Each structure stands twice: as C-alpha cells, then as structure tokens.
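K.L.:
sequence and predicted model, in that order:
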Amino acid sequence: MTPEKSNSRKHFEEPQRFLYMIDETIEEIQEMQTHSSSVVAVKATQSLTELLDREYATLDEFERDLERNLGALRRANTSHASLFNAMRAIRVNVVDRSTTVADAKELLSEVITRIVEDVQHGKSRAAEKAVSTFTDGECILTHDFSSTVLATIRQAVNRDISITAYVTEARPRYLGRKTARRLAKIEDVEPSLLVDGAVGEVLPRCDRVVLGMDCIVDNKLYNRIGTLPIVATANALDVPVTVIGAASKIVESEFMFENEYRSSAEVSLEPLEDIRIENPAYDSTAIHLVDQIITDNGIEKVD
C-alpha cells in the first residue's frame, strides 16, 4: 500500500472512531429529559476524558478530534446553556494553547476538572447566596423541579427557618410531585402540591415565587413549561419573583435556545383523531417580570 493510500484510509477511519466514541454519550444526553442542565453539562464534559487515552500523530489531529467532539456534544441538547458554556469554555481554553499533544492533553485534563467543579459547585454556591433572602415562616410557591431551589430550602431549614411551600405540577412527567415528596421529608417544611393552572388561587397567600432556571439568554428566562403564566400571574398580584441558579446557565451571546418538543404520549396515552398534540418542554419569560436573580456570583435586583 502506498503512503498516499495509507493516509487516505486513516482520514476515512478517523470519523468512524470518533462516532463510536461519543455515540453512547450523545444518546444518554438526548434521553436525559428530566435531568437538570448542569447534570447534562457534567456528563458531556467528563466524556471528553476518553480523548486522553487515544494516540495522536500530531497536535492538529488531536485538536481536530476535540473540536468534532465538542460540536457533536453541544448539538446533543440545544436547549441547555450550561452544556453550551462548558463546551465553549473547553474550546477557548484548550485549542491553540499548546505546542505538543502531551501538553494539550494535560491542559484538557485540567480544564475538564475545573469546569466540572465549577458546574457542580455553582448550584450549591447559588443556594448559599439565596439562603440570606429567606425569612422564618415564609410562604413560597415553586414550580416543577429545581435541584437548586431544593438545595436552598434545605440550607434555610438548617438555619432554623421554617417554610410553607406550594409546589406546582408542570406537566405529565410529575416533576412537581417529585419536588413535593422531597420537601415532605425535610423537617420544618410544609409542602402542598397543586396543578400549575391553580396558581391564581394560592398566590395571594404567598410571600413570593421562587424558581430555578434552565437558562437565561438575551434577557429571557427559559424554564419548565408553565413558568411564564405563573410569573405573569404573580406580577398581576404584586407577588415578587426570585430566580435561583448557577451562573453557568446564563449566556450573553452566540447561544440560541431551541425548545424541546416531547412525546405526545405524555399528554394522551391514546391517539386523538384529527388533533395534533403539542408538548413543549420550556417556555420563555421576559426578565423584567422577575424581581431578583441569584447565582453563585451574587444577588441581582432586576430593574
């Protein structure tokens, strides 16, 4: 076989090895519909450690493979800003930063560790900031499921703060029920579960609405479907709205949110003749309808 043919075969096989390496991770990410975006970002970031065990003839070959992986993982879920931010951070901090494959691999390993730590701890640091805004005996309404809101409530209770919590069920995945069950196990929390269409009945009893976030992009909060009507109703009733989440979920440029449309079977188990079932996962709320955004970077009042 001539050297030219050998090189041609190598370029043909390279994408195949690349596909086999990431297919499983991409499939997992696409199926993680009830997981927080931070969990998805960590999963994708950690999968890139597989590149550290591969052999590369040149630095260009390594960086091409890395960029292909970053692009494919980012496209696996186009609604998660934290995934986008993680993949972008790796590219910015690794590509064109080294002179040898060994140095590039070492740098990639360091960046992966740092990003995973930032994403994982961003939530707990945001919760720590948010606890200072809670008062004993406060009554809140929270929507669907947010691990950051749950972490905040746990920390508040650890500081001898009792909380009454109305939890709204967003959709047939029963994530609101999941939240209510977890709150029921926390001493000094009194949870109630209701459908999100009933918020107008209970919001007058609440001191404020406390929400998590999928992401904030271009002054819009993207969160579980049903967030917009809750926030709009809270505004009409003069009930403050607080949003809590890791700063890694905020994107100021380049990222374009793409909504997920999930299975119609979640809405109706049987086909409905001449009816198209719409099942969007998220909705968009203008940030000016929110009173307060709390991240690991601090507390920001919205004008």
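P.N.:
Here it is on my side, so go on.

K.L.:
which helix or strand contains residue 242?
P.N.:
Residue 242 is part of strand 241-244, with elements assigned from DSSP states H and E.

K.L.:
all strands for the stretch 201-303 of the chain, in order.
P.N.:
Remark: strands assigned in the stretch 201-303 of the chain by DSSP state E, counting those that start in this stretch are 208-211, 215-217, 220-224, 241-244, 250-251, 282-286, 292-295, 298-301.

K.L.:
got the contact list for the strand holding residue 242?
P.N.:
Applying CB atoms under 8 Å, 6 or more residues apart in numbering, the contact partners of strand 241-244 are 126-127, 130, 133, 146, 148-149, 152, 208-213, 216, 221, 231, 234-235, 289-295. Where C-beta positions appear, they are placed from N, C-alpha and C, glycine not excepted.

K.L.:
go again with 7 Å.
P.N.:
126, 130, 133, 148-149, 152, 208-213, 221, 231, 234, 289-294 (CB atoms under 7 Å, 6 or more residues apart in numbering).

K.L.:
helices or strands next to the host helix or strand of residue 121 in the packing?
P.N.:
Assigned by DSSP H and E, residue 121 belongs to helix 101-131. Counting contacts by 3 or more CB pairs under 7 Å, 6 or more residues apart in numbering; DSSP states H and E, helix 101-131 packs against helix 37-47, helix 59-75, helix 81-94, helix 147-158, strand 292-295.

K.L.:
excluding chain neighbours, what is closest to residue 186?
P.N.:
Among residues not flanking residue 186 along the chain, residue 157 sits closest, at 5.6 Å (CB to CB, 6 or more residues apart in numbering).

K.L.:
buried ones among the contacts of strand 241-244?
P.N.:
With burial judged by 16 or more other CB atoms under 10 Å, the buried subset of the contacts of strand 241-244 is 126, 130, 133, 148-149, 152, 208-213, 221, 231, 234, 290-294.

K.L.:
quick check: the gap between the spatially closest residue to residue 232 that is not a sequence neighbour and residue 229.
P.N.:
Excluding its sequence neighbours, the residue lying closest to residue 232 (CB to CB, 6+ apart) is residue 289, at 6.8 Å. Counting by CB to CB, to the nearest Å, the gap from residue 289 to residue 229 is 11 Å.

K.L.:
in stretch 264-272, which residues are buried?
P.N.:
Quick answer for stretch 264-272: no buried residues (16+ other CB under 10 Å).

K.L.:
how far away from the center of its chain is it?
P.N.:
27 Å (CA atoms, centre = their mean, to the nearest Å).

K.L.:
one more: stretch 209-216?
P.N.:
That offset, for stretch 209-216, works out to 10 Å (CA atoms, centre = their mean).

K.L.:
and the closest residue to residue 172 other than its chain neighbours, how far from residue 195?
P.N.:
Nearest residue to residue 172, sequence neighbours excluded (CB to CB, 6+ apart): residue 266, at 4.3 Å. Between residue 266 and residue 195 the computed distance is 15 Å (CB to CB).

K.L.:
equivalent analysis for residue 73, please.
P.N.:
Plainly put, residue 73 is 36 Å away from residue 195 if you go by CB to CB.

K.L.:
more neighbours: which of those two?
P.N.:
Between residue 73 and residue 195, counted using other CB atoms under 10 Å, the more crowded position is residue 73 (25 against 11).

K.L.:
that one reaches residue 90, doesn't it?
P.N.:
No - counting by CB atoms under 7 Å, residue 73 stays clear of residue 90, with 9.6 Å between them.
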